[in-house]
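1. Sequence first, predicted model second:
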Amino acid sequence: MSYKTFLSEFPTFNAQYAIELLHSLNSTFDSQCSTNENLRNIMLDLAKRDDNCFYETALRAYRQLQNDKSHDLTTIFNNKEFNDTYNF
């Protein structure tokens, strides 16, 4: 899936901006996202549930990837973490 196609699936400006932020890390984010369909699907689901919470989650992921380029994004973008963090 191309990056532009992936980006266009996100329904709001906040969600798209969050993806752009992660994409700005270049291959660090893109390599995980391009090879993990489950990660892409959960990110899209979380963005549709609450775009503001998704944006905050993406900021955490951005900071984590800046410190550790190999950090597994599925530990941040998952239903349990999202629900626990934002009390859903």
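-> Okay, I see it. Numbering: from 1, shown residues only.
2. Only C-alpha atoms from now on, for both contacts and neighbour counts.
-> Will do.
3. What are the boundaries of the helices in the protein?
-> The residue ranges that make up the helices of the chain, judged by DSSP state H, are 3-8, 13-23, 27-35, 37-49, 51-67, 79-86.
4. Outside of the third one itself, list whatever touches it.
-> The contact list for helix 27-35, computed with CA atoms under 8 Å, 6 or more residues apart in numbering, reads Met1, Leu22, His23, Leu39, Arg40, Leu65, Lys69, Ser70, Asp72, Leu73.
5. From these, list the buried ones, please.
-> Members of the contacts of helix 27-35 that pass the buried threshold by neighbour count (16 or more other CA atoms under 10 Å) are listed as Leu22, His23, Leu39, Arg40, Leu65, Leu73.
6. Could you single out the nearest of those to Glu56?
-> If you rank the buried ones among the contacts of helix 27-35 by distance to Glu56 using CA to CA, Leu22 comes first, at 11.9 Å.
7. so that closest one makes contact with Ala58?
-> Yes: Leu22 is in contact with Ala58 according to CA atoms under 8 Å; the separation is 7.1 Å.
8. got a list of what Pro7 touches?
-> Careful, residue 7 is Leu and not Pro. Applying CA under 8 Å, 6+ apart as the definition, the contact partners of Leu7 turn out to be Gln16, Ile19, Glu20.
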